[in-house]
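Peer 1: Provide a 3D model corresponding to the input given below.
(chains A and B)
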Amino acid sequence: MQAGADSVAAQAAEWIVRLSADDAGEQAELAQHFAAWRAADPRHEAAAGRMEAMLGELQAVRRSGAARPAGRALRAALGGKGRSGARRGVALALLLAGLSFLPAWFGLAGQEPGYWLTDLRSAAGEWSTTRLADGSTIALAGLSAVNLAFDGKTRRVELVQGEILVDVAHDATRPFIVATEHGSVRALGTRFTVRREAGATVVTMLASRVEVRPAEAAAGSAGALVVQAGESVRFNADRLLPPESVDPPSVDRAWAQRQFVAQEMPLPDVLDELDRQRPGRIVFDRAALAGLKVTAVLPLTDTDRALQLLVNNFPELSIRSYSPYLVTVDMAKSPKTTGR
Amino acid sequence: MNIAANPTDAIAQLYASHHAWLHAWLRRKLGCSHGAADLAQDVFVRILASRDALCGMREPRAYLTTTAQRLMVDRIRREVIERTYLAELAIVMENAPTHPSPEQILLTLEALGQIADLLAGVSAKAREAFLLHYLEERSHAEIAAQLQVSTRMVHKYLVQCLVQCAAARPD
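Peer 2: Predicted structure coming up:
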C-alpha cells in the first residue's frame, strides 16, 4: 500500500517534470497522455494535484515579483549551496546554543559570488568595503546596494539604495559619477558619502569637491552646484537645498565605527535608518513623529540599544517590541505634547 | 506503557506522565521557560495529530525528545525564512509601485515554510535544481551547466523534490 503510493507519486512527478523539459517538441502529445493517466485513478489525480498545488504557490510568489527574496529565504534556511553536512552542523550548533543565538549566525547566511560581480550589496547591519578596478574604494553601509558601469569614458555607480562612502582614485580622463533617481554627483578624485533616502539624496563631502546635478536640472552650469569639503547637500530631482556644514573627521569616525550621526534630524528619518539596519521592521506613524528632531550618535550595529537611547532622550515616546522582528514606536498615551 | 483503548486517553496519560519532564528538558535546552512551555505544547499537539505514532510508542522519552528536536529545527528554519524573506522583500519593494499585503506575506511565508520542509529531505544539488527551475525559471540545460551535471540528472533531481511533496503531506 505504501509502496503503491510511492510509485504513484514517482509517476506523477515524472510526468510533471517531463512536461517542463526543454525539448518542447512532443509536449502536446505528452500532455494528453498525462491527462489520461490522471483520469485513470483518483490516486493519480490526487498525487499530481498536490504537486501542482505546491508549484502553483511558487508560481504565485514568482508572479508577485518576490522570487529573489523567496529563493534567498529558502537557501538561507536550508544552507544555500553548501553540503548538507555543513547545514546539519549549523542546526546542531543552534540546538546546543538555543534559539537566542539565531541573530548571530543569521548574518553568515551565504551570498552567491556571482551576485557580487554585477551588483555590490550588503545585508542589514553588515558593512563591506570593495576595491574597484580603477583603484577607487567603495564602502557600503548596511543594507545598501549599487550597480557598477565602468567603461573607457566614465566610471558610473548607481546607488540603488542605502549609503556609500567612496574614495575615488584620481583619473582626469574618466569622471566618477554616482547616480540616483534624484540626480548625479560627479567627481574626478575625492572622498565623499552619498546616501539615498525615500525622497532625496544627500551628498557629504569629506575631501576636495564634487559637482551635484539634480536629474531634471537644466544643462550647463546653472543647474549644478559645486559642493566643497565639509559641506553636505540634500537634493531631489528638481531641487537642491543650500549646503549645510559638517565635520569631516566625525563623519569618517562614524563610518569607521558604524555609527549614525543625526544632527537636528526628524525622528522618522532616524527610524528609517535604524529600520534599514534591522532584519525585522520598525513600525511608526511618520506624521505623528515628524515634529521631533534628533541630535545623536547612534550605534547601527546594535539597533536595540539605539532605540533605547532614543527613548531615553524622548520620554514622550513609547516603544513596544512584539518580537525581535516587529517594534512599534509611537507617542505615549499622555497627550502632553504642547510646544511642539 | 499501557495503551488505552481510546487514543485520547492515551494522550492524556502520556501528557500526565511526561509533560513536566519534557518542559524541564526543553527549558534547559532553550534557556527560556515560555518558549519551552510553548514547544512542549506543540510536541503533544503534533502527537495528537498523528495518532498511529502513539500506538507503537515503546520509548516515550526518546520519542518525545526526538519530536521536540524536530520541532526546534522546524522553528529555526521558519524563523530564518521569515527574517530573510522580510529583509530581502524590503530591498526588492523599495522602488516597487505596489507592495504585497500583510496577508499575502503571511501566505507566502507559510508556503515557503512547507516547501523548505520538503526540500530539507533532498540533497543540496537537488534542492538547488528545484529552486533554479521552479523559482527562477531556468531551463533544464541551464541548470545542468550550472550544477555541472547531466540534464538527465537535473530531471532526476526535480522528480525527487516533487516526490517529497507527496511524502510530506500524506493526507
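Peer 1: Do a quick rundown of the helices in the chain.
Peer 2: This is for chain A. A:2-19, A:27-40, A:42-63, A:67-78, A:84-97, A:102-106, A:113-118, A:248-256, A:267-276, A:286-289, A:303-313 (DSSP state H).
Peer 1: oops, I was thinking of chain B
Peer 2: With helices called from DSSP H, chain B shows them at B:7-30, B:33-49, B:51-55, B:60-93, B:102-119, B:124-130, B:140-147, B:151-168.
Peer 1: winner for burial among those?
Peer 2: The highest average neighbour count among those, using mean count of other CB atoms under 10 Å in any protein chain shown, belongs to helix B:124-130 at a mean of 23. In short, each C-beta sits where N, CA and C put it, glycine included.
Peer 1: what about dumping the CA coordinates of it to CSV?
Peer 2: Extracted C-alpha coordinates of helix B:124-130, given in CSV (Å, rounded to 0.1, in the frame of the first residue of the first chain):
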residue,chain,number,x,y,z
ALA,B,124,21.7,20.2,-1.8
LYS,B,125,22.1,19.8,-5.5
ALA,B,126,18.5,18.5,-5.9
ARG,B,127,17.3,21.5,-3.9
GLU,B,128,19.2,23.9,-6.0
ALA,B,129,17.9,22.4,-9.2
PHE,B,130,14.4,22.8,-7.9
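Peer 1: Does it pack against any helices or strands, and if so which?
Peer 2: helix B:140-147, helix B:151-168 (3 or more CB pairs under 8 Å, 6 or more residues apart in numbering or on different chains; DSSP states H and E).
Peer 1: And these, which one averages the lowest pLDDT?
Peer 2: Lowest mean pLDDT of these: helix B:151-168, a mean of 88.
Peer 1: what's that helix in contact with?
Peer 2: With CB atoms under 8 Å, 6 or more residues apart in numbering or on different chains as the test, helix B:151-168 has contacts from A:5-6, A:8-10, A:12-14, A:16-18, A:20-22, A:47, A:50-51, A:54, B:114, B:117-119, B:121-123, B:125-127, B:129-130, B:133, B:140-141, B:143-144, B:147, B:149.
Peer 1: report the angle between the axes of that helix and helix A:42-63?
Peer 2: Interaxial angle, helix B:151-168 versus helix A:42-63 (axes from the mean of the first three to the mean of the last three CA atoms, to 10 degrees): 110 degrees.
Peer 1: Output the below-cut-off pLDDT ranges for chain A.
Peer 2: Residue ranges of chain A with pLDDT under 70: A:1-5, A:24-25, A:79-119, A:123-125, A:218-222, A:322-325, A:333-340.
Peer 1: er, chain B I mean
Peer 2: Ranges of chain B meeting pLDDT under 70: B:1-8, B:30-32, B:50-58, B:94-96, B:167-171.
Peer 1: Pick out the residue nearest the middle of it.
Peer 2: When CA atoms, centre = their mean is applied to chain B, the residue found nearest the centroid is B:Asp117 (3.9 Å).
Peer 1: Might one say that it is in contact with B:Asp74?
Peer 2: Yes - under the criterion of CB atoms under 8 Å, B:Asp117 makes contact with B:Asp74 at 7.1 Å.
Peer 1: Distance check, B:Leu48 against chain A.
Peer 2: Going from B:Leu48 to chain A by CB to the nearest CB, to the nearest Å gives 23 Å.
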